[in-house]
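Need coordinates for the following:
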Amino acid sequence: MSDKKPILVWFRRDLRLCDHPALIAACESGAPVIAVFIKDDVVEGLGAAPKWRLGAALATFADALKAKGGALVLRSGPALEVLQKLIGETGASAVYWSRLYDPECTARDTKVKAALKEAGIEARSFGGHLMFEPWTVETKTGGMYKVYTPFWKSVKDRGVDAPKPGPKNIRSPEHSPASEALSDWQLGAAMHRGADIVARHAQVGEQAAQDRLAEFIEGDVDKYVEQRNIPSVRGTSGLSENLALGEISPHQCWHAGMRALHGGADDAEVFLKELVWREFAYHLMHHTPHILSGNWKPDWDKFAWNEDAEHPEVIAWKQGRTGIEFVDSAMREMYVTGKMHNRGRMIVASYLTKHLMSHWKIGKAWFEECLTDWDPASNAMGWQWAAGSGPDASPYFRVFNPVTQLDKFDAGRGYVRAWIAEGQSTPPATALSYFEAIPRAWNLSATELYPQPVVDAALGRKRALDAYAGRNF
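From the prediction side, this is the model:
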């Protein structure tokens, strides 16, 4: 038996065993490994759906660790204080973790690393959440990229580390520290009755993520370009919820996509581009963290958006009752499944920010509350892209017409029938589940009439363009 002191592996948004650099390094050291997850202010600040999804992920991950001989120690409190206490209890000589990149986590981790090192504790952060560390991708003049296409060209031929297998077993200390009970944390409490509905559609854990990737590569990737914009079919990988919590690494997805591409599936390149779009979002968040809280383009600070999240038009948008079928279908899909088709995200964001002239921050905050695949960088960039205020954004004068978009991408209205019950004599279970998932306070039922548009598609577009006229965006 080794007499090495234990290593604490601090898990966050990296709930997997395979291709986990921090865990692999700890196991390869020969020291006992203590896996810990901390419910600190970052976790407490999560929205209802992301927090529920985290709870489900932690339960599954704890079982996976146990199968390898490990155990997940759950503790609450400020991260540094929790780690210091665990070090005192266990005699651990090191703390390893996977890097995160949003300002809140970066500030926390910097403080933790400095304090631990000062106390003589080895503190190491590892990659794994991204394929390319944001500071390693630079323009020829040494600056950051502000446009996606040059970013893609700069990284597409870079080597991406091959995924590494997880440890065959995890050596635990003779006496593991006490753990709090996950059930006591009540991470799903704010979801109320919606949790049971969303749970039917979640694919939780590392094994589910691997199965989902394999199924996509084997069956759908060669039709990706044609089907990824059609919301009524399964045309995307669906891996966003798993990537958000690190149940699968982007490296694993990249290499699977590359194998498909080299095997003759030309559409796989577009899948690879989507993975790099995620990297681009993190690149922007790292270099310009204000993208999370303010207009990336400061000229938009002068624009008179509605900022009242309780405005009647905004409430109709939140409830999926705008009278615009594409918008309402997408919003209802989110309440039932915890996710939303990417084409739907573009439509609902455009409608809120342009037809309803409401601030993108309202939509960003609502998605933070409702999406199980919430990701800080992708959410912020997506909303600013749609609003026109962000980097490499949709032009401000591009106002999606949600009616013609529906004609183009849901001509048979399969998506609408799946999610809007009103007016159907025998609505499908998906459409009826919306009424089971939403807050009771909304007091809605499938027997009500479907509403007239709160803002007509054509009139809303004209209203937006009139408001933009003469402004130098």
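
Tell me how many other residues crowd residue 68.
19 (other Cβ atoms under 10 Å). All C-beta spots, glycine's among them, are computed from the backbone N, C-alpha and C.

Next: residue 218.
Residue 218 is flanked by 11 other residues according to other Cβ under 10 Å.

For the residue lying closest to residue 266 once chain neighbours are set aside, list the residues it contacts.
In space, and not counting its chain neighbours, residue 266 is closest to residue 222: 7.7 Å by Cβ to Cβ, 6 or more residues apart in numbering. Counting by Cβ atoms under 8 Å, 6 or more residues apart in numbering, residue 222 makes contact with 260, 264, 265, 266, 267, 268.

swap in residue 420?
For residue 420, the contacting residues are 325, 328, 329, 332, 431, 450, by Cβ under 8 Å, 6+ apart.

so the fifth one sits right up against residue 416, yeah?
Spelled out, it's residue 431. No. The criterion here is Cβ atoms under 8 Å, and residue 431 misses it with residue 416 at 9.2 Å.

so where is this structure shaky, pLDDT-wise?
Filtered on pLDDT under 70, the chain yields the residue ranges 1-2, 393-394, 470, 472-473.

quick one: which of the contacts of residue 420 sit in helices?
The helices, defined by DSSP state H, take in 325, 328, 329, 332, 431 from the contacts of residue 420.

Quick one: which of these is the most crowded by neighbours?
Of those, with other Cβ under 10 Å as the count, residue 329 tops at 30 neighbours.

count of neighbours near the closest residue to that one other than its chain neighbours?
Once flanking residues are discounted, residue 329 sits nearest to residue 419: 4.1 Å by Cβ to Cβ, 6+ apart. As a burial measure, residue 419 scores 28 neighbours (other Cβ under 10 Å).

swap in the one 5 residues further on?
The burial count assigned to residue 424 is 14, neighbours taken as other Cβ under 10 Å.

residues contacting it?
Residue 424 sits next to 417, 431 when contact means Cβ under 8 Å, 6+ apart.

Helix or strand for residue 96, just tell me which one.
Per DSSP states H and E: residue 96 is located in strand 94-98.

Tell me the strands beside that strand, with direction?
strand 7-11 (parallel), strand 122-126 (parallel) (DSSP bridges).

Nearest to residue 101, out of the ones you listed?
With Cβ to Cβ as the measure, strand 122-126 is the member of these nearest residue 101 (10.9 Å).

now the closest one, how far from the centre of its chain.
Remark: strand 122-126 is offset 25 Å from the chain centroid, using Cα atoms, centre = their mean, to the nearest Å.

Dump the C-alpha coordinates for the next helix or strand after that strand into CSV.
On the C-terminal side of strand 122-126, the closest following helix or strand by DSSP H and E is helix 148-155. This file holds the C-alpha atoms of helix 148-155, laid out as CSV (Å, rounded to 0.1, in the frame of the first residue of the first chain):
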residue,chain,number,x,y,z
TYR,A,148,-16.7,32.9,-36.1
THR,A,149,-15.5,31.9,-39.6
PRO,A,150,-11.8,33.0,-39.1
PHE,A,151,-11.9,31.3,-35.7
TRP,A,152,-13.1,28.1,-37.3
LYS,A,153,-10.4,28.3,-39.9
SER,A,154,-7.7,28.8,-37.3
VAL,A,155,-8.6,25.7,-35.2
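
any idea which helix or strand comes after helix 148-155?
In the C-terminal direction, the helix or strand that comes right after helix 148-155 (DSSP H and E) is helix 182-185.

tell me which residues in that next one are buried?
Neighbour-count burial for helix 182-185, counted by 16 or more other Cβ atoms under 10 Å, picks out 182, 185.

coming back round to it: would you mind checking which of the contacts of residue 420 is nearest to residue 17?
Distances from residue 17 to these, taken as Cβ to Cβ, are shortest for residue 332 (35.6 Å).

my guess is the closest one contacts residue 320, does it?
Yes. Judged on Cβ under 8 Å, residue 332 makes contact with residue 320 at a distance of 4.4 Å.

coming back round to it: looking at the strands paired with strand 94-98, which one is packed in the most?
strand 7-11 (a mean of 25; mean count of other Cβ atoms under 10 Å).

Helix or strand next in line after that one, which one?
Following the chain from strand 7-11 toward its C-terminal end, the next helix or strand by DSSP H and E is helix 21-28.

contacts for the helix or strand following that following helix?
Downstream of helix 21-28, the first helix or strand assigned by DSSP H and E is strand 33-39. Residues from elsewhere that reach strand 33-39 (Cβ under 8 Å, 6+ apart): 6-12, 23, 26-27, 58, 65, 70-77, 79, 82-83, 86, 90, 92, 170-173, 176-177, 180, 185.

got it, and stretch 159-173?
Stretch 159-173 has contacts (Cβ under 8 Å, 6+ apart) with 6, 16-21, 23-24, 27, 30-35, 65, 68-71, 90, 131, 249, 251-252, 254-255.

Buried only: go through those residues for me.
6, 16-21, 23-24, 27, 31-35, 65, 68, 70-71, 90, 131, 249, 251-252, 254-255.

could you list every residue that touches the nearest residue to residue 418 once chain neighbours are set aside?
In space, and not counting its chain neighbours, residue 418 is closest to residue 430: 4.9 Å by Cβ to Cβ, 6+ apart. Residue 430 sits next to 336, 418, 419 when contact means Cβ under 8 Å, 6+ apart.
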